[in-house]
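Peer 1: just to be clear, the model below is a prediction. Sequence and coordinates:
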Amino acid sequence: MMTNAQLDLDFVRSQFPGLDRGWTFFDNAGGSQILKGALERINTFLIEKNVQIGGSYAVSQDAAKALHEARMAAMYLVNAHRPEEIVFGNSTTALLQNLARAMASQLAPGDEIVVTVSDHESNIGPWDRLQAAGVILKIWPLNVQTLALDIADLEPLLSERTKMVCITHASNILGSINPIRKIADFVHARGIKLCVDAVAYAPHRAIDVQAFDADYYVFSLYKTFGPHYAVMYGRYDLLLQLDTLYHYFYGKDKVPGKLEPGNPNYELAYSTCGIVDYLCELGSRLGKTGGTREKIEGAFEAITQQEDALTERLLSYLRSRNDCRIIGQPFNRDSQRVATISFRFDGRDAAEICKAIDEEKIAVRFGDFHSRRLAEYLAITDRGGVLRVSMVHYNTLEEVDRLTAALDRILSAGDGTDTELHRAG
């Protein structure tokens, strides 16, 4: 149940040292600021435990303990059953590519995988490449009227050869949250697995893989207040079935090590402890008692409340303009959209507007954000694509007001001259 407890924003912002540099960061879906506690964990490992695990000597044993602590922290963060269900990797893209490779022996020509047109390419490309081995790729379309994925459109795509449905938990353009448990129940009833890209969801809501009943669930730590690293949850029995990606003597039962070739990056994995420490501290400050999970859930209740206020502030401004098209739902009903908001202004180039906002020391982004199939599907690739403002809980209403005032000045100045800019993903 949502509470009325509010975040102490002075405390929150004090935990992110990058916020002291004079910039307003509204490109958090591209990468959030890192927590002081995550940095401290990285430094602690590199100074005190920076050796290979597996040795008999004390420092190596300490390094192994740190890696176990990291898996335990991630286990609590996603509410997995056991730490062995946590796989670390360089990025969500890399983890999903590894997952596709590790499923090779389970797939035969004619088997089918369903992806959505609204996903980031990370959860489309790895499955698309399997077509070279005879796997059939099917596309779950988006309802262009509701901008939602309808199960009625999924059902005719499924057959007895369908092995997996791959979906995003929240769109990094539309901001909408998909009903993962409803979809999981639907596909599991047909003997099909579910793979969820949660990159655009993880910074905004508490993850509960048991409640979601996802088979694989992947997100990036660098968009969830940590360093450039990522986490994949997989059901233990399913991880056992995957092919090894490591040396030949890493048998199928060596979970999760067989899926982390070269071993995980120990110090970056260890930073996960700092993220969980922070969320627990937030939960405690909000009066939450009990264990780690209870405090994490309490923290995200308040995070959601803060982000809902930010979302409404910006959406209200955008709705008030008759020259603006919001790409996604224009209202945040029942917290069913995250604070990632994409929009276009009539006849204006998104790149030019973005460049002008840069001068205000406000970081936003333009383009298709590596969800190019969705941008093409919605015909929003011209004029620099869309502007995207992606907020997290450390952002403030005052920062939103700074942005909207800047937009008013820029838009009232009239059209600028088109400039070719790099359209980052």
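Peer 2: Alright, I've got the coordinates.
Peer 1: the longest helix in the chain is where?
Peer 2: helix 292-320 (DSSP state H).
Peer 1: so what touches the next helix or strand after it?
Peer 2: The helix or strand immediately downstream of helix 292-320 is strand 324-327, counting by DSSP states H and E. Strand 324-327 has contacts (CB atoms under 8 Å, 6 or more residues apart in numbering) with 173-174, 315, 318-319, 341-346, 378, 380, 386. (Glycine included, C-beta is placed from N, CA and C.)
Peer 1: in strands, which of the residues you listed appear?
Peer 2: 341-345, 386 (DSSP state E).
Peer 1: now for those: which two are most distant?
Peer 2: I341 and F345 (13.4 Å; CB to CB).
Peer 1: and these two? Which one has more around it.
Peer 2: Shown here are I341 and F345; by other CB atoms under 10 Å, I341 has more neighbours (28 against 18).
Peer 1: and this protein, what are its domain boundaries?
Peer 2: Per the record, the chain has its domains at 9-33+292-407, 38-276, by automatic domain parsing.
Peer 1: just send the ones you listed back as TSV, with distance to S284 too.
Peer 2: TSV is the format used below for the domains of the chain (distance: least, CB to CB, whole Å):
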stretch	distance to S284
domain 9-33+292-407	6
domain 38-276	12
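Peer 1: just put those domains in a markdown table and tack on distance to L282 and mean pLDDT.
Peer 2: Formatted as a markdown table, the domains of the chain follow (distance: least, CB to CB, whole Å; pLDDT from 0 to 100):
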| stretch | distance to L282 | mean pLDDT |
| --- | --- | --- |
| domain 9-33+292-407 | 4 | 97 |
| domain 38-276 | 11 | 97 |
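Peer 1: which stretch among those comes nearest L286?
Peer 2: Nearest to L286, of those and by CB to CB, is domain 9-33+292-407 at 5.3 Å.
Peer 1: how far does the closest one sit from its chain's centre?
Peer 2: Taking the mean C-alpha point of domain 9-33+292-407 and that of its whole chain, the gap between them comes to 15 Å (CA atoms, centre = their mean, to the nearest Å).
Peer 1: what does stretch 203-214 give?
Peer 2: Distance, centroid of stretch 203-214 to centroid of chain: 12 Å (CA atoms, centre = their mean).
Peer 1: contact partners of that stretch?
Peer 2: Taking CB under 8 Å, 6+ apart as the rule, stretch 203-214 contacts 28, 32, 77-81, 170, 177, 180-181, 184-185, 188, 194-196, 198, 201, 217, 219, 223-225, 233, 296-297, 299-301, 303-304, 307, 338-339, 392.
Peer 1: show the buried residues in these.
Peer 2: Among those, the ones that count as buried by 16 or more other CB atoms under 10 Å are 28, 32, 77-80, 170, 177, 180, 184, 194-196, 198, 201, 217, 219, 223-225, 233, 296-297, 299-301, 303-304, 307, 338-339, 392.
Peer 1: narrow the residues you listed to those in strands?
Peer 2: Counting by DSSP E, the part of the buried ones among the contacts of stretch 203-214 found in strands is 194-196, 217, 219, 233.
Peer 1: show me where the chain has helices.
Peer 2: Going by DSSP H, the chain shows helices at 9-14, 36-48, 58-78, 92-102, 125-128, 151-154, 180-188, 209-212, 236-241, 266-285, 292-320, 350-358, 372-377, 397-412.
Peer 1: just the residues contacting the third one, thanks.
Peer 2: Identification of contacts with helix 58-78 by CB under 8 Å, 6+ apart yields 45, 48-55, 80-86, 88, 207-209, 217, 231, 233, 256, 264, 266, 269-273, 275-276, 279, 292-293, 296.
Peer 1: put the buried members of these into a ChimeraX selection.
Peer 2: A single ChimeraX command selects the buried members of the contacts of helix 58-78 (16+ other CB under 10 Å):
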select :45,49,51,53,80,83,84,85,86,88,207,208,209,217,231,233,256,264,266,269,270,271,272,273,275,276,279,292,293,296
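Peer 1: name the nearest residue to Y233, ignoring sequence neighbours.
Peer 2: Y217 (4.4 Å; CB to CB, 6 or more residues apart in numbering).
Peer 1: report the beta-bridge partner residues of that neighbour.
Peer 2: V196, Y233 (DSSP bridges).
Peer 1: that one against L238, yeah?
Peer 2: No. Assessed by CB atoms under 8 Å, Y217 is found out of contact with L238, at 11.4 Å.
Peer 1: about what we covered before: farthest pair in the ones in strands among the buried ones among the contacts of stretch 203-214?
Peer 2: Checking these with CB to CB, the most distant pair is L194 and F219, at 14.9 Å.
Peer 1: correct me if wrong: G226 contacts G31.
Peer 2: No. Using CB under 8 Å, G226 makes no contact with G31, being 10.1 Å away.
Peer 1: which of those two has more neighbours?
Peer 2: Higher neighbour count among G226 and G31: G226, with 26 against 15, using other CB under 10 Å.
Peer 1: contacting residues around the more buried one?
Peer 2: Contacts of G226 by CB under 8 Å, 6+ apart are 34-35, 38, 268, 271-272, 274-275.
Peer 1: residue contacts, the nearest residue to N395 once chain neighbours are set aside?
Peer 2: Nearest-residue entry for N395: L310, 5.7 Å, with adjacent residues in sequence omitted and distances by CB to CB, 6+ apart. Contacts for L310 (CB under 8 Å, 6+ apart) come out as 339, 391, 395-397, 400.
Peer 1: for L310, give its distance to E399.
Peer 2: Distance of L310 to E399, computed by CB to CB, to the nearest Å: 8 Å.
Peer 1: please apply the same query to G30.
Peer 2: According to CB to CB, G30 and E399 sit 17 Å apart.
Peer 1: ok, now E48?
Peer 2: 37 Å.
Peer 1: what about S60, how many residues nearby?
Peer 2: 15.
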